[in-house]
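Student: structure for this input, please:
(4 chains)
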Amino acid sequence: MLSTHLPALQVVLPLASAPVCLLLRHPRHAWACALTISWLVLAIAVMLVQQVAATGTISYAIGAWATPWGIEYRIDMAGALMILVVATIGAVVLPFAGRSIQQEIRKKHSGLFYTCFLLCLAGLLGIVVTGDAFNLFVFLEISSLSSYVLISLGCTRRALTAAFQYLVMGTIGATFILIGVGLLYMLTGTLNMVDISQRLTEVADTRTIRVAFAFVTVGVSIKLALFPLHLWLPNAYTFAPSVVSAFFAATATKVGIYVLLRLFFTVFGIGFSFVAMHVGEIMMLLAAAAMMVASLVAIFQNNVKRMLAYSSVAQIGYIILGISLASRDGVAAGMIHLFNHALIKCALFLSLGCIFLRLGSVELQDMRGLAKRMPWTMAAFVAGGLSLIGLPLTSGFISKWYLVGAALTDGYWPLAVLILLSSLLALIYIWRVVETAYFQVPGAGMPLVKEAPASMLIPAWLLIGANFYIGVDASLVSGIAHQAAGILIEQGVR
Amino acid sequence: MSELLGHYNYWIVIVLMMTGFYIVIARPNLIKKVIGLFIFQTSVFIFFISIAKVEGGTAPIIEEGISVYSNPLPHVLILTAIVVGLATTALGLALVVRIREAYGTINEDDIHVQDEER
Amino acid sequence: MENLINDVLLGLLMITGFAIVRMKSLLGVTMLTSIYSLLSASLFVVLDAVDVALTEAAIGAGIATVLMVATVALTTDEEKVPRHTPLLPLLVVMATGAALIYGTLDMPHHGDPLAPAHRYVADSYLHDSPVEIGVPNVVTSVLASYRGYDTLGEVTVIFTAAAGVLALLGYRTRGRNIEAAGIRKQVVLRVIAKLFFPLILLFALYVQFHGDYGPGGGFQAGVIFATGFILYALAFGLGTAQRLIPSQLLRILAAAGVLIYAAVGLESMLLGGKFLEYRVLADDPIAGQHLGILLIELGVGITVASVMLIIYYGFVSRRH
Amino acid sequence: MFIAVSSVILIAIAVGLVRAIRGPSLYDRVLAANMIGTLTVLMVAILGFMTGRPEFLDIALVYVLISFVSTLAVLRVHNPGAGTTASSVKGSGEQ
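Tutor: Have a look, this model is predicted:
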């Protein structure tokens, strides 16, 4: 009986426990509450994935109102994969948070931190699960507003300006989405995504719908930090608390990409998005630019967190590149990379969190000779870095393999060259850190730090382990991704 | 000509939206930016409510003897959006207050200069 | 006639907007923003959106203005002249505006009763909601029942804002009541505040419970309620207001409102319905809808009122 | 009848707007905003009767109650005549 309500519970559980978390006075209790909820959320996510795998797309009518009149929750394979990513990262990151937050955030704020964290989790899950265009806007705002708060809790004053910059850009993005939804509603009279797509066929060839498409796409692109709309991202990731960077890098932008997938394939359809609007070509150009420019910029960063942030912009380029091919293989490759990159980036940011806990800094010059003092942390960083570069036996290799394959099938061999070039750039920036940490001698006045506590190392290593597992046996992820991509393409061609 | 008469309403609303948008991206003063967002969003609300208007209709509160009502759905959406807008404004202003305390200025250019120095 | 009023109001809005761009005094800009809100609220009445007008008036001209004024007080009043020429922003804005105007060319005409937006979902709301829900105000029935889940999201958004302001500004309970000393002299203000305070609260209750039949509902009521307390705080000092409603209580109330809303949803789930399916809450489906709407509107009202006060306390108790 | 009344109100709002924009002092602007608030109340009331739905007077009432509060807030903050007491009045004050 409970199993029929899983889609609603998936979102309502973290949403309703956030206020409870606010009332808990002791930071420890708030942490325990958030941790329990995040694990329950993961359990629900796993059950949902099984359900979707068994029965196909799930639809849940909230309030029991039939679809165009009420709000529908709709989970297909692509959605299930996204839920799994978000829930897994949430569940992995929270055990880490306990210690990290204790150090980075003032004690009286930690209750608020967990409240906002749960709200953000609920918001992101809500975006994925919903089948209603306006409901998507509402949950987007829940996740955005809580992210602004989470970022602003970072320990330097630049966290405040980063949060403000994100707030301004994020709100512009959300308002663009709102305008687009308004235009869509104007011509179709409905807000349900599937219903919109059906009624769109009659009016698709109007200037209004073209503008609606442009506005929604630009709005979502700001949210997912597509080059050149990524300007908020480097600051936000650099100055946010370590846990928040790890969580966002793995989930927030990825959910944005998922929304883009939904728009291109489910709502507007391939014929409109890729043939009439040429969004494939535009996205391909921007993705290629992101891969090269952001990787180049990353090489010149001295703050390792900032370096990884730029690397994220580049990696988003890879994912978008796959999607821009609009083929089953391309979209599947994009989704595989989405999944793998979520794991890798989260692990990398977590290991930086360990370093920050001990050193109080993530500047490159402070990390000289660190490998001797924090061998496990640095090993995690290197393992993640290898995967970022895309060496065989890592998950990064798998996603690049599929990506290159998809590009070559469609005859885009220059893209394959670009992917290899960008990987070379990744090698350079990761090598800078490795060289500093392993082969340089620590300066005279540098503190003798200990290895990070197990509560922080284990989450990072769990992700690294998953990364190597996928590197060896990618059949599960690739199977889900191909199935999801198949459904999306099927929805898109009509 | 009828084309023009039917749409000038929306055009004015678009000018309003763009006024707000311009304030957000052109003004370095942070309070002005938040106010710009507020104007931008309020104008989008006007746009939605304009969509909802039905010629000769009245407010969608059912009453005996009235048959034409304006469209209630955009009203509902905008009620929600107004609340979201207020939440954003409140958070933005709170951030401005903290930025002023940390930097001593609320001018974006001055803040950049201070960040570069460190 | 309505068209003429509509046009004039739009023109006035445009003038106000341009003036906001040019004006340098931030308090002046705040006043203009408040005027902008008032004008757009009047426009909403012309366009038949009475519920929206009520909300815009309560928020734009009320709470948002108060917050902006408080922020200016905590920072600075003068805007510096921008250093660089705003050529790029101008281009971006022009391009965006041009795109939108291009989009209007295929739109249905303003007010066209045959537009697709009015023919499909909205049309059946107008016809079916009196039967399915039994509430004359269709906006309320769509807001609270058909799209009740959006409203849960909306309450959560406002709750997030409270958590954010608490994290950023915090609040201090004042030991001494400093302001009260300065205010003692202003007899007129205090008399008016005393007169208005109960009136506003009474009116808030009316808006809360009359929302099914006229414009209003939990959200508007919550804002009006909070405005009453803000008036009280302005007249008698923050300390006095905080003695009346302590910050800790507000925190509990803000959480309680969201929880009431979610609990109604979960309860309907336990009774065998879907999430937020109110009709299972009572034996008669219509009675169930009424009960559900009443409860969730209550939750909305409680959260909104307390969140507004949390935010206000946060801004006003902040000092250099 | 309605035409005459609403034109007069609109003209009055426009005049108030001119004062709000030109200033020159803050008090002019506050007063103008307050006046526009009052006129809006009238406007809403007129519109209610014009469209045959006078129950919308509710909205007008909200305006009456609320526009007063924001005016009060500005005057509380901005009180240059009172010098240093200005900051103690608000509890937040100016720098």
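
Student: okay, helices next: where are they in the stretch 1-150 of chain C?
Tutor: Along the stretch 1-150 of chain C, the segments classed as helices by DSSP state H, counting those that start in this stretch run C:2-22, C:26-46, C:50-56, C:65-74, C:87-104, C:116-119, C:121-132, C:138-141, C:148-169.

Student: with chain D in mind, check whether the longest one reaches it.
Tutor: Going back to what we said before, that points to helix C:148-169. No: Helix C:148-169 stays clear of chain D (C-beta under 8 Å from any C-beta of the partner chain), getting no nearer than 10.8 Å. Backbone N, C-alpha and C define where each C-beta goes, glycine included.

Student: give me the distance from that helix to the chain's centre.
Tutor: Relative to its parent chain, helix C:148-169 has a centroid offset of 12 Å by C-alpha atoms, centre = their mean, to the nearest Å.

Student: got it, and stretch C:95-115?
Tutor: Offset of stretch C:95-115 from its chain centre (C-alpha atoms, centre = their mean): 28 Å.

Student: which residues touch residue 104?
Tutor: No chain in the question, so chain A it is. Residue A:104 sits next to A:154, A:155, A:241, A:242, A:356 when contact means C-beta atoms under 8 Å, 6 or more residues apart in numbering or on different chains.

Student: sorry, I should have been clearer: chain C.
Tutor: Taking C-beta under 8 Å, 6+ apart, one finds A:208, B:7, B:10, B:11, B:14 in contact with residue C:104.

Student: need the max-distance pair from these.
Tutor: Taking C-beta to C-beta, the two most distant members of the contacts of residue C:104 are A:208 and B:11; they sit 13.8 Å apart.

Student: quick one on the thing from earlier: of the contacts of residue A:104 - the most surrounded one?
Tutor: Neighbour tally across those (other C-beta atoms under 10 Å in any protein chain shown): the maximum, 28 neighbours, falls on residue A:242.

Student: about what we covered before: out of residue A:208 and residue B:11, which sits in the busier spot?
Tutor: residue A:208 (20 against 15).

Student: I'd say the more buried one and residue A:182 touch.
Tutor: No: if you go by C-beta atoms under 8 Å, residue A:208 and residue A:182 don't touch, sitting 10.3 Å apart.

Student: any idea how far stretch A:72-89 is from the chain center?
Tutor: Its chain's C-alpha centre and that of stretch A:72-89 lie 12 Å apart, by C-alpha atoms, centre = their mean.

Student: around chain A, pick out the residues from chain B.
Tutor: For chain B, the contact set with chain A under C-beta under 8 Å from any C-beta comprises B:17, B:21, B:24-25, B:30, B:33, B:37, B:40-41, B:44, B:47-48, B:51, B:73-74, B:77, B:80-81, B:84, B:87-88, B:91-92, B:95-96, B:98-99, B:102-103, B:111, B:115.

Student: please produce a PyMOL select command covering the buried subset of these.
Tutor: In PyMOL, a selection of the buried entries from those looks like this (16 or more other C-beta atoms under 10 Å in any protein chain shown):
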select buried, chain B and resi 17+21+24+25+30+33+37+40+41+44+47+48+51+73+74+77+80+81+84+87+88+91+92+95+96+98+99+102+103+111
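
Student: wait, what's in contact with residue A:387?
Tutor: Residue A:387 makes contact with A:340, A:344, A:394, A:395, A:396, A:397, A:467, A:471, according to C-beta under 8 Å, 6+ apart.

Student: out of the residues you listed, which is nearest to residue C:127?
Tutor: Nearest to residue C:127 among these: residue A:340, at 51.0 Å, using C-beta to C-beta.

Student: secondary structure element for that closest one?
Tutor: According to DSSP states H and E, residue A:340 maps onto helix A:328-359.

Student: tell me the mean pLDDT for that helix?
Tutor: What helix A:328-359 shows for mean pLDDT is 92.

Student: so where's the stretch 1-150 of chain C uncertain?
Tutor: C:1, C:82-84 (pLDDT under 70).

Student: quick check, the residue in it closest to chain A?
Tutor: When scored by C-beta to the nearest C-beta, the stretch 1-150 of chain C has residue C:103 as its residue closest to chain A, at 3.0 Å.

Student: secondary structure element holding the spatially closest residue to that residue that is not a sequence neighbour?
Tutor: Nearest-residue entry for residue C:103: residue A:211, 3.0 Å, with adjacent residues in sequence omitted and distances by C-beta to C-beta, 6 or more residues apart in numbering or on different chains. Residue A:211 belongs to helix A:207-223 when assigned by DSSP H and E.

Student: most centrally placed residue in chain D?
Tutor: For chain D, the residue nearest the mean C-alpha position is residue D:34 (2.1 Å; C-alpha atoms, centre = their mean).

Student: ok, now how distant is it from residue B:89?
Tutor: The gap separating residue D:34 from residue B:89 is 22 Å, by C-beta to C-beta, to the nearest Å.

Student: hang on, residue C:259 in a helix?
Tutor: Yes: applying DSSP: H, G, I helix; E, B strand; the rest coil, one finds residue C:259 inside a helix.

Student: the residue nearest to it when sequence neighbours are not counted: neighbouring residues, count only.
Tutor: Distances taken as C-beta to C-beta, 6+ apart place residue A:19 nearest to residue C:259, at 5.5 Å, with adjacent residues excluded. Residue A:19: 27 surrounding residues under other C-beta under 10 Å.

Student: still on that earlier bit, right, and the residue of the stretch 1-150 of chain C closest to chain A touches residue A:187 too?
Tutor: No: using C-beta under 8 Å as the test, residue C:103 is too far from residue A:187 to be in contact (10.1 Å).

Student: how is chain C partitioned into domains?
Tutor: C:1-107, C:137-320 (automatic domain parsing).

Student: related to what we said a few turns ago, and residue C:103 and residue A:187? Which one has more around it.
Tutor: The residue with more neighbours, out of residue C:103 and residue A:187, is residue C:103; 25 against 22, by other C-beta under 10 Å.

Student: which helix in chain D has the most residues?
Tutor: Longest helix in chain D, counting residues (DSSP state H): helix D:26-50.

Student: chain center to that one: distance?
Tutor: Mean C-alpha position of helix D:26-50 versus that of the full chain (C-alpha atoms, centre = their mean) differs by 6 Å.

Student: what about that helix and chain C, touching?
Tutor: Yes: on the criterion C-beta under 8 Å from any C-beta, helix D:26-50 is in touch with chain C at D:26, D:29-30, D:32-33, D:36-37, D:40, D:43-44, D:47-48, D:50.

Student: still on that earlier bit, tell me what the helix holding residue A:211 is packed against?
Tutor: The contact analysis (3 or more C-beta pairs under 8 Å, 6 or more residues apart in numbering or on different chains; DSSP states H and E) places helix A:207-223 against helix A:158-188, helix A:242-261, helix C:87-104.

Student: flag every buried residue along stretch A:214-229.
Tutor: Result for stretch A:214-229 [16+ other C-beta under 10 Å]: buried residues A:214-227, A:229.

Student: chain center to the helix or strand containing residue D:69, what's the gap?
Tutor: Per DSSP H and E, residue D:69 falls inside helix D:57-77. The chain centroid and the centroid of helix D:57-77 are separated by 7 Å under C-alpha atoms, centre = their mean.

Student: OK, contacts around the residue nearest to residue A:288 when sequence neighbours are not counted?
Tutor: The spatial neighbour of residue A:288 that comes closest, neighbours along the chain excluded (C-beta to C-beta, 6+ apart), is residue A:418 at 5.5 Å. Residues in contact with residue A:418 (C-beta under 8 Å, 6+ apart) are A:288, A:291, A:292.
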